[in-house]
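> I would like the atomic coordinates for the input below:
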Amino acid sequence: MGGLYGLISVILGAYAAHSLRDVISSASLSSWQTGVSYQMSHALVLLFTGLWLQLGGPRVLVFAGAFFSAGVLGFSGSIYLLVLTQISWLGPVTPLGGLSLIAGWISLVVAVLRVKGFAPGQEP
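Model (predicted):
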């Protein structure tokens, strides 16, 4: 999923730079670039999370990956759709995607704490 999100973010970034810049407002282009930036950074953390899980990382990484995956769809995906369609009901989806991204980062922190022996319910 991380590789796919990374690929799509490069394509969408190039699309905006070459095809959208003369069609949409600078504010919309800035929003689009925010979506691309968040998508790429979370593509990278998804690759890291999956690799760590494959190497025997704690099971909570499954939740981190799911939250990151859903968060990219909700956050970046809603931004792309808002820019292209101007459908106003998509506005509240963006912060929900952001909350999912936050939950992914919390899950990743919990994974680190578990490995270090500091997670709730574990003896340090």
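> so where does Gln39 fall, helix or strand?
Assigning secondary structure by DSSP states H and E places Gln39 in helix 26-54.
> quick one: buried residues of that helix?
The neighbour-count check on helix 26-54 (16 or more other CB atoms under 10 Å) flags 28-29, 31-32, 35-36, 38-43, 45-46, 48-50, 52-53 as buried. In this view, the C-beta of every residue, glycine as well, is placed from N, C-alpha and C.
> So, low pLDDT: which residues of this protein?
Residues of the chain that meet the criterion pLDDT under 70 lie in 119-124.
> Apply 90 and report the result again.
Under the criterion pLDDT under 90, the flagged ranges of the chain are 21-22, 88-91, 116-124.
> Just give me the residue closest to the centre of it.
The chain has Val72 as the residue nearest its centroid, 3.4 Å off, counting by CA atoms, centre = their mean.
> Could you tell me the angle between whichever helix or strand comes after the helix holding Gln39 and helix 26-54?
Heading C-terminal from helix 26-54, the first helix or strand you meet, by DSSP H and E, is helix 60-85. Relative orientation of helix 60-85 versus helix 26-54 (axes from the mean of the first three to the mean of the last three CA atoms, to 10 degrees): 160 degrees.
> which strands and helices sit next to helix 60-85?
Secondary-structure packing of helix 60-85 (3 or more CB pairs under 8 Å, 6 or more residues apart in numbering; DSSP states H and E): helix 2-15, helix 26-54, helix 93-116.
> Pull the distance from the second one to the chain's centre.
Which is helix 26-54. Here helix 26-54 is found 5 Å from its chain centre; the criterion is CA atoms, centre = their mean, to the nearest Å.
> likewise the first one?
With CA atoms, centre = their mean as the basis, helix 2-15 stands 12 Å off its chain's centre.
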